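Asker: Provided below for reference: sequence and predicted model.
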Amino acid sequence: MLDGSIGTTSRARRGMLREWRLHTLSVFSLAVAFVCLGAALLVLTNLQAIEERWAHAGRASIYLKDNAPAQDVESLKKALANVPGMLGVRYVSPTQARTEFGQLETGSRAELAALPVEAFPASIEIEVSPDVSDSDLDGIVSKLRQLPAVDDVETYQAWTERLARLIKGGVAAAALLSLVVFASVLAVIGSTIRLALQRRRTEVEVLKLVGASDRFIKGPFLIEGSAQGALGALGAVVLLAALFFLVRGRLDAELASLIGIEPSFLPWYVVVGMVCVGIVLGRFAAALGLRKLVTL
């Protein structure tokens, strides 16, 4: 029997170094596939963060009618201050609203700030405690809309619901994309391993002649497949991180203040999961590639 002192890992390393062009091309192809999946997960991660931030925004805007009496407005402010769960009540006059818009002197906001004061409605801004449930807030809003001094109430829940539907569609699209990526990984690694085995057929035949088992012969190829999957996923994460931080550095700070969060990269557990998936898929693809060429 063949001396078992030669480690499977060292034989796999020598094989990858000997066929480094073939394995480099395979890893590059896998990285491209994993970048597509990682980009989809990155978008979903930030959309979920925006949804959570907006769902707990803790604020609402009560827009008042132009002819609302000052006495009714003051009574409404006092009544809101006594409602449980209200952390703050602030009256914003049309002049104040125009001034706040004027503090941002760029883009369309500067054009809005140039409008006459009459174009800006008076409003009451309220801060709502996170302990207030959506049903309780809906009840408060429905009562406020019935008041004669109130023109409309904006709680931003409609935007949250739309975003939630968008995220559900994104999850379905990401699941479909993951199937395409997994199929690509299986095809690329399987083809690479079969080609590597063909190039080393003479070596394999010699090993069989000296008594090597099929398991001994197959071991390095399985490690090579796992390494390709891991390196492809890791390379995709590195490339995606470089692109992400480059783009985030060029984002306008006004955009971050508008959506309420700073864009964030993939969580560590998603990164680890991608690498682990690459390892498992690589080993499975290598096993499939060897199935017809090496008797298990």
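Answerer: Received, thanks.
Asker: just checking, what packs against the helix or strand where Ala79 lies?
Answerer: Per DSSP states H and E: Ala79 is located in helix 70-81. In terms of contacts (3 or more CB pairs under 8 Å, 6 or more residues apart in numbering; DSSP states H and E), helix 70-81 is packed against strand 86-92, strand 123-128. C-beta coordinates here come from the backbone N, C-alpha and C atoms, glycine included.
Asker: so how far is it from its chain's centroid?
Answerer: In this view, helix 70-81 has its centroid 43 Å away from the chain centroid, taken as CA atoms, centre = their mean, to the nearest Å.
Asker: can you give me the strands for the stretch 101-250 of the chain?
Answerer: Ranges of strands within the stretch 101-250 of the chain are 123-128, 150-154, based on DSSP state E, counting those that start in this stretch.
Asker: how about those in CSV, adding mean pLDDT and distance to Leu17?
Answerer: CSV is the format used below for these (pLDDT from 0 to 100; distance: least, CB to CB, whole Å):
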stretch, mean pLDDT, distance to Leu17
strand 123-128, 80, 62
strand 150-154, 80, 63
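Asker: most tightly surrounded among those?
Answerer: With neighbours taken as mean count of other CB atoms under 10 Å, these reach their highest mean count in strand 123-128, at a mean of 19.
Asker: elements contacting it?
Answerer: strand 59-64, helix 70-81, strand 86-92.
Asker: try it again with 10 Å
Answerer: strand 59-64, helix 70-81, strand 86-92, helix 94-102, helix 134-145, strand 150-154 (3 or more CB pairs under 10 Å, 6 or more residues apart in numbering; DSSP states H and E).
Asker: Only C-alpha atoms, please: export that strand in CSV.
Answerer: Taking Å, rounded to 0.1, in the frame of the first residue of the first chain, the C-alpha atoms of strand 123-128 are listed here in CSV:
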residue,chain,number,x,y,z
SER,A,123,-48.0,72.0,11.2
ILE,A,124,-47.6,70.4,14.5
GLU,A,125,-44.7,67.9,14.8
ILE,A,126,-45.1,65.2,17.4
GLU,A,127,-42.6,62.7,18.7
VAL,A,128,-44.2,59.3,19.5
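Asker: Contacts for it next, please.
Answerer: 56-64, 73, 76-77, 80-81, 83, 85-94, 96-97, 136-137, 140, 144, 149-155 (CB atoms under 10 Å, 6 or more residues apart in numbering).
Asker: Quick check: neighbours of that strand in the sheet, parallel or antiparallel?
Answerer: strand 59-64 (antiparallel), strand 86-92 (antiparallel) (DSSP bridges).
Asker: That strand relative to helix 70-81, how many degrees between them?
Answerer: Going by axes from the mean of the first three to the mean of the last three CA atoms, to 10 degrees, strand 123-128 is angled at 10 degrees with respect to helix 70-81.
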